[in-house]
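Visitor: need coordinates for the below:
(chains A and B)
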Amino acid sequence: MELSDTALVEKILLKDSQALNILIERYTVPLYNFIYRISNDAALAEDATQETFIKMWQRFTQYNSAQSFRAWLFTIARNTATDHLRKKKSFTFSQLSSNDQDFESSLPSDHTSVVDILDQQFDSVFLENHLNNLPINYKSVLILHYQQELTFQEISDVLETPMNTVKSWHHRALSKLKQELNQ
Amino acid sequence: MNNHRTLRTLLQSEISTPHGLAERIKQSIYSVQQSSGSALLYKRLMWASGIGTLAAIIHLVIQTASSGLYQYLSLALSSGALVNVLKDLGIILLESLPLASIILVIMATFSFAWSLKKSLRLSHYSSLAIQ
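Guide: Numbering: from 1, shown residues only, chains lettered A, B, ... in the order given. Got it, this is the predicted structure:
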């Protein structure tokens, strides 16, 4: 039977190195994928993934078992990736936060027309390019929600942003993609 | 021919991870674990050496005062015979103080310096490993 993340963390705190290995194997691919998608840089993704795990190991005692381990780990990954991206003088996660409150109030109540973009067929390269051109916050929400299957509440924890803002980023990302892909 | 897919499929697709990445991560954590363990040990050694040095110095001061050296030095300095004082100081120290105390101070000082150097080097390696 597969042990839960919380059970593994408890074992790690009791100096069980096997549990640490299981946790590393479980999260290497998801973390690498997340960081690669938001940075679009393989070398950066590899370094930041490695650094995320080292920070995770160093901060285990700070982890509160009441919160989602996955969200906690992705928060470390997101912060680590941000640091690396800042060093590259790239985008920052806070770049788009200034006018989100205004956007929230303009959100339509029905999201169906935007969400339908998810299941339309497009050319792969064309689709990939448009996804890569999205602002980093938007990409993060889409990847965490659709690939890592995190809830909006968990994404809100990871991005350290109010849940309504996360929902607005999600809506904006899909709107922007729909607009560009249908042009 | 174009390869078509949906946005949902693209978002759910996995990017191939570099070969052996998980193993490299395990190794790097192991290295940091080792460094942290050693750094902690040397930190404790450093504290022990520091306390040892302090204790030895206090011991020497007490010995000096009780052996009459203090009175001799006060008298010699007040009479202005500074050169003679300095000349005699080494001999008096060796004669009046227990050899064990002098050896203890020398050993503790060397141990303290060595532990400090080792700790600094380890913390430097730890920061490199994280980078």
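
Visitor: same for the helix or strand hosting residue A:173, what does it pack against?
Guide: Here residue A:173 is covered by helix A:163-181, with elements defined by DSSP states H and E. Other elements packing on helix A:163-181 under the criterion 3 or more C-beta pairs under 8 Å, 6 or more residues apart in numbering or on different chains; DSSP states H and E are helix A:100-105, helix A:112-115, helix A:124-132, helix A:136-142, helix A:152-158. Yep, even glycine has a C-beta here, placed from its N, CA and C like the rest.

Visitor: now the residue in chain A that chain B sits nearest to: closest residue in space that isn't a chain neighbour?
Guide: As assessed by C-beta to the nearest C-beta, chain B sits closest to residue A:146 within chain A, at 3.8 Å. Spatial nearest neighbour of residue A:146, excluding adjacent residues (C-beta to C-beta, 6 or more residues apart in numbering or on different chains): residue B:11 at 3.8 Å.

Visitor: tell me how many other residues surround the nearest residue to residue A:170 once chain neighbours are set aside.
Guide: With sequence-adjacent residues excluded and distances taken as C-beta to C-beta, 6+ apart, residue A:170 is closest to residue A:141, at 4.8 Å. Residue A:141 sits with 28 neighbouring residues when counted by other C-beta atoms under 10 Å in any protein chain shown.

Visitor: ok, the one 5 residues further on next?
Guide: Close neighbours of residue A:146, defined as other C-beta under 10 Å, add up to 17.

Visitor: which residues touch stretch A:42-56?
Guide: A:24, A:27-28, A:31-32, A:35-36, A:39, A:73, A:76-77, A:80-81, A:84-85, A:88, B:18, B:21, B:24-25, B:28-29, B:32, B:129-130 (C-beta atoms under 8 Å, 6 or more residues apart in numbering or on different chains).

Visitor: let's see that with 7 Å instead.
Guide: With C-beta atoms under 7 Å, 6 or more residues apart in numbering or on different chains as the test, stretch A:42-56 has contacts from A:24, A:28, A:31-32, A:35-36, A:39, A:73, A:76-77, A:80-81, A:84, B:18, B:21, B:24-25, B:28-29, B:32, B:130.

Visitor: would you mark the buried spots in the helix holding residue A:173?
Guide: Within helix A:163-181, the residues scored as buried using 16 or more other C-beta atoms under 10 Å in any protein chain shown are A:165-178, A:181.

Visitor: tell me the contacts of residue 115?
Guide: Answering for chain A, as no chain was given. residue A:174.

Visitor: sorry, should have said chain B
Guide: Here residue B:115 is in contact with B:42, B:45-46, B:49 (C-beta under 7 Å, 6+ apart).

Visitor: measure it to chain A for me?
Guide: 23 Å (C-beta to the nearest C-beta, to the nearest Å).

Visitor: excluding chain neighbours, what is closest to that residue?
Guide: residue B:46 (4.0 Å).

Visitor: cool, residue A:128 as well?
Guide: residue B:10 (6.6 Å).

Visitor: now for the helix or strand containing that neighbour, which elements pack on it?
Guide: Using DSSP H and E, residue B:10 sits in helix B:7-12. If you count contacts as 3 or more C-beta pairs under 7 Å, 6 or more residues apart in numbering or on different chains; DSSP states H and E, helix B:7-12 packs onto helix A:124-132.

Visitor: measure residue A:129 to residue A:81 for me?
Guide: 21 Å (C-beta to C-beta, to the nearest Å).

Visitor: of those two, who's got more company?
Guide: For the pair residue A:129 and residue A:81, the greater number of neighbours falls to residue A:81 (29 against 11), based on other C-beta under 10 Å.

Visitor: pretty sure that one sits against residue A:37.
Guide: No: using C-beta atoms under 7 Å, residue A:81 makes no contact with residue A:37, being 10.0 Å away.

Visitor: now do the helices in chain B.
Guide: For chain B, the helices defined by DSSP state H cover B:7-12, B:21-66, B:69-78, B:82-96, B:99-130.

Visitor: quick one: average pLDDT of the fourth one?
Guide: Taken as a whole, helix B:82-96 has a mean pLDDT of 65.
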